[in-house]
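> show me how the following folds:
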Amino acid sequence: MKKLVVSLPLAMIITTSGPTAWAEEMSPYGTASVEMREYPTIDAVFDANYEDPNKLDILYSFVKNTSVPLKGHMVVVTHGPELRAFAKENYLKYQGVVDKMAELSEAGVEFRMCNNALRAAGYEPEDMHGFVTVVPAGFPEIVYLQHQGYEYINPIPYSVRDVRYLDQPQLKPD
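Down below sits the predicted model:
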C-alpha cells in the first residue's frame, strides 16, 4: 500500500483556494448593484423589421415586458419581411405568432404596417388581419410617433433565454 505524501505548499494551495478564493478570483469587480424602480407612464413605438416572421415571438416578449412597467401606449410599426405573417392567407402557417400579436392588440397595442412594404411584397391592405392598420410609410410613421412623444425601441430579434448556459452548461438546471 502506498502512502500519499502531500507537501506543505500543495496543502497551502488546497486550503487557500477554496470557494472564497475562487469567488474573489472570478469576481474582481465585485457584485452588481440592484436599482428596482417604478417608471413613469411612457409611450413607445417598436420598429419591427424581421427576416423571419417567427421572430415575432421575441417581439411579443419585448412588447409585453415593456408595456407592463411603462404603462403607456404601445405601437408596433411593421415594415419588413415579417409582414407576411399578418396576411390572412398565411394564418395557418404563422398562427402561433399571429395569435400572440392579436393578444397584444386586444391588450391595447396598435399594429401599424408600412403601405410601401406591403405593396412591394405583393399584398393589398385587405389581405391583412383586422387588427392591423396600414399607414403610408413605416419610417415616417415612426418619426411621426416620435414627434408626438413616443420613445423609439428597436427590438433586435435575439432571445436571451438560457444564454448563460452557452458558456456554463454545467449550471443549467435539469
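> show me what contacts the residue most central in space within the chain?
What sits nearest the mean C-alpha location of the chain, by Cα atoms, centre = their mean, is residue 62, with 4.2 Å. Counting by Cβ atoms under 8 Å, 6 or more residues apart in numbering, residue 62 touches 46, 153, 155. Yep, even glycine has a C-beta here, placed from its N, CA and C like the rest.
> wait, the second one touches residue 67, no?
No: taking contact to mean Cβ atoms under 8 Å, the distance of 10.7 Å between residue 153 and residue 67 leaves them out of contact.
> hang on, the earlier thing: same list, the contacts of residue 62, but as a markdown table with neighbour count please.
Listed next are the contacts of residue 62 as a markdown table, based on neighbours: other Cβ atoms under 10 Å:
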| residue | neighbour count |
| --- | --- |
| 46 | 22 |
| 153 | 16 |
| 155 | 20 |
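> still on that earlier bit, overlap of the contact sets of residue 153 and residue 67?
In contact with both residue 153 and residue 67: residue 44, using Cβ under 8 Å, 6+ apart.
> any low-confidence regions in this protein?
1-23, 158-160 (pLDDT under 70).
> rerun that using 90 as the cut-off
Where the chain drops to pLDDT under 90, the residues are 1-28, 30-31, 155-169, 171-172, 174.
> can you give me the helices in this structure?
8-16, 19-26, 56-70, 91-106, 115-120, 138-147, 164-167 (DSSP state H).
> redo those as TSV? Include distance to residue 36.
Putting the helices of the chain into TSV (distance: least, Cβ to Cβ, whole Å) gives the following:
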stretch	distance to residue 36
helix 8-16	37
helix 19-26	24
helix 56-70	10
helix 91-106	25
helix 115-120	39
helix 138-147	28
helix 164-167	21
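> gap between residue 109 and residue 169?
Separation of residue 109 from residue 169 (Cβ to Cβ, to the nearest Å) stands at 36 Å.
> neighbour count winner among the two?
residue 109 (22 against 9; other Cβ atoms under 10 Å).
> residues near the closest residue in space to that one that isn't next to it in sequence, how many?
Distances taken as Cβ to Cβ, 6 or more residues apart in numbering put residue 74 closest to residue 109, at 4.5 Å, once the chain neighbours are dropped. Around residue 74 there are 24 other residues, counting by other Cβ under 10 Å.
> kindly state the beta-bridge partners for residue 74.
residue 44 (DSSP bridges).
> pretty sure it contacts residue 66?
Yes: under the criterion of Cβ under 8 Å, residue 74 makes contact with residue 66 at 7.0 Å.
> shared neighbours of these two, anything?
Shared contacts of residue 74 and residue 66, defined by Cβ under 8 Å, 6+ apart, comprise 44, 46.
> thank you kindly, that will do.
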